[in-house]
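Asks: the following comprises the amino acid sequence and a computationally predicted model.
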Amino acid sequence: TSYNDTKITSGANYSYKGKYLLTATFRADGSTKFAPGNQWGYFPSISAGWSLSNEPFIKDAVGNTEIRLRASWGMSGNNNIGNYSSIAAIGTGTVPFGSTIFPTAYESSFVDAGLSWETTKQTNIGLDLGFFEDRLNLTVDAYYKRSDDMLMSMQLPSYMGTQGNGSSVLSAPKGNFGSIENKGLEITLDAHPFTGDFQWDSNFQVSFNRNTLKALSGTTAASIVGYGQWSDVVCVSEIGKPLYNFYGYIVEGVYESLEDIENSPKTAKHPENGVYNRSNTVWVGDLKYKDINQDGVINDQDRTDIGSPLPKFTFGWNNTFRYKGFDLNIFLNGSYGNKVLNYSLMNGPSGGLASMRSAWVNQNASAVKDRAQLVPIDPDKVYESGSWFDDITNVKVENSGTKTPRPTLSDPNDNDRLSTRYIEDGSYLRIKNITLGYTFPKLFKDKKTERTAGLNVFATVQNVATISAYDGIDPEVYSGIDNNLYPRPRTYILGVKFNF
């Protein structure tokens, strides 16, 4: 009916003259989520520190500079997989036999009796530096982390019915199937440039992280597939590569003429008989995709990595200014190098906001302006029936170089398939928070207790402004997929605080 977690922890600390520090812990975790025999996981850790600035041979050379070295190694466990993954579930149903309906019971899920703890091993090395009596402090941490026996669903072939959006698929067996590696660097700079009547405290942090899918053991699949709203593949994590890379086609431009179509790799809607129709076959103004495997044909084999939702680095900068009773706090944050799938431009029952295939869905203004605009090669050519726009030999693209296709209701070339035209730069700088306050000290004093009371009034604005090249509403998308997510609102707050 439920599960129980049990934790047993022990540890020891050692310090010698404030120069050498050593900490060791041992933790045993038990969880009834796993089958008997696999319910316990054991996770040791050890850390050491060396205060070099307390060594005489260092202190004489650097004076009041603080120098500390740190190193640690440890293991941790994860049991986040659901309550009954190690127990076969029983489903119920009915079956007719003659004129009678009989109840039935059946095993509705597959289980792995060897399901056990996911284990993460992490190594950290750190350096702390303090200058000018701690008015300037630098902290640098490098880490390496590897997770093995990852708790996840088995990656089965699509014909097993376990792939697609979670609302429409069968449940795949859970197990310990993968390994992921993370390594990174974190740098923090803490400064106090002014400490008199006017004070300025500043803290800047930047983080770099790289991850790699190292293995998918116990399964025949060589990748982890992620889906969009239904069963459309939007990301693929392949062994040896980072997680969650977007997966689709590379757009090289649009077909600018019949000659361009004939000299390019053939698409699925290329007419075998050579008779082109703007409603049923590839046409001038349709997107031209890159032939990745160079077989002369554009098909599923030409899908590839088209960007990562993971940033090259993230950062935050917090500043507090004080002058007499006034205080001003400004916090900025951002990320750089991550991509965003603007799913709202692509997805929808009648096409997305830039699909160029709907007469009923409003289209993104920049897409409309940049669309492939078809014009006649020979405007004076006379037709007994029809017009130049039905004659592919007399059609060309006027705005050469565009990567937005022609408008078409039928979209025979599948111009709105997932491709680089929906992948955008998600880098941003955001003024996250500004707070201005004033403190009235000692409004009154209790003569008996000598205690004083103060009053602070403040005004705060959250999500002040965002600088980004992203064409959507908000570039700060947790999953990297913007499917009409509700944007962060700008919020105004007025407050009063009494200090007793």
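Replies: All right, it came through fine. Note that the structure is predicted; figures quoted are calculated from it, not measured.

Asks: helices along the protein, start to end?
Replies: Along the chain, the stretches classed as helices by DSSP state H are 56-62, 258-262, 343-346, 365-370.

Asks: who wins for proximity to Y323 among those?
Replies: Closest to Y323 of the helices of the chain, according to C-beta to C-beta: helix 56-62, at 33.6 Å. (Each C-beta comes from the backbone N, C-alpha and C, glycine too.)

Asks: so where's the stretch 201-350 of the chain uncertain?
Replies: 218-221, 230, 348-350 (pLDDT under 70).

Asks: under the pLDDT cut-off, which ranges of the stretch 401-500 of the chain? List them.
Replies: 443-453, 500.

Asks: that one: strands as residue ranges?
Replies: Taking DSSP state E, counting those that start in this stretch, the strands of the stretch 401-500 of the chain run over residues 423-425, 428-445, 452-468, 491-499.

Asks: and the third one, what does it pack against?
Replies: Contact partners of strand 452-468 among helices and strands, from 3 or more C-beta pairs under 8 Å, 6 or more residues apart in numbering; DSSP states H and E: strand 428-445, strand 491-499.

Asks: most packed of these?
Replies: Of all the helices and strands packed on strand 452-468, strand 428-445 has the most neighbours on average by mean count of other C-beta atoms under 10 Å, namely a mean of 15.

Asks: near the closest residue to I493 other than its chain neighbours, how many other residues are there?
Replies: Distances taken as C-beta to C-beta, 6 or more residues apart in numbering put T460 closest to I493, at 4.1 Å, once the chain neighbours are dropped. By the measure other C-beta atoms under 10 Å, the count of residues near T460 is 16.

Asks: pretty sure T460 contacts I434?
Replies: Yes - at 7.0 Å, T460 counts as touching I434 under the criterion of C-beta atoms under 8 Å.

Asks: test my guess that F208 contacts K312.
Replies: Yes - taking contacts as C-beta under 8 Å, F208 lies within contact range of K312: 7.0 Å.

Asks: between those two, who's got more neighbours?
Replies: F208 (16 against 13).

Asks: and Y249, which of the helices of the chain is closest to it?
Replies: For Y249, the closest of these is helix 343-346, at 12.0 Å, according to C-beta to C-beta.

Asks: buried ones in the closest one?
Replies: Within helix 343-346, the residues that qualify as buried are 343-346, counting by 16 or more other C-beta atoms under 10 Å.

Asks: the longest strand in the protein is where?
Replies: Ranked by number of residues, the top strand in the chain under DSSP state E is strand 174-195.

Asks: packing partners of that strand?
Replies: Using 3+ C-beta pairs under 8 Å, 6+ apart, strand 174-195 sits against strand 136-153, strand 198-216.

Asks: just list the residues touching G228, thanks.
Replies: Counting by C-beta atoms under 8 Å, 6 or more residues apart in numbering, G228 makes contact with 165, 234, 343, 347, 418, 481, 483.

Asks: contacting residues around the second one?
Replies: The neighbourhood of V234, defined by C-beta under 8 Å, 6+ apart, consists of 226-228, 246-248, 341, 343, 418, 481.

Asks: now rank those residues by neighbours and give me the top one.
Replies: Going by other C-beta under 10 Å, L341 tops these with 28 neighbours.

Asks: list the contacts of that residue.
Replies: With the criterion set at C-beta under 8 Å, 6+ apart, L341 makes contact with 234, 246, 309, 418, 422-423, 480-482.
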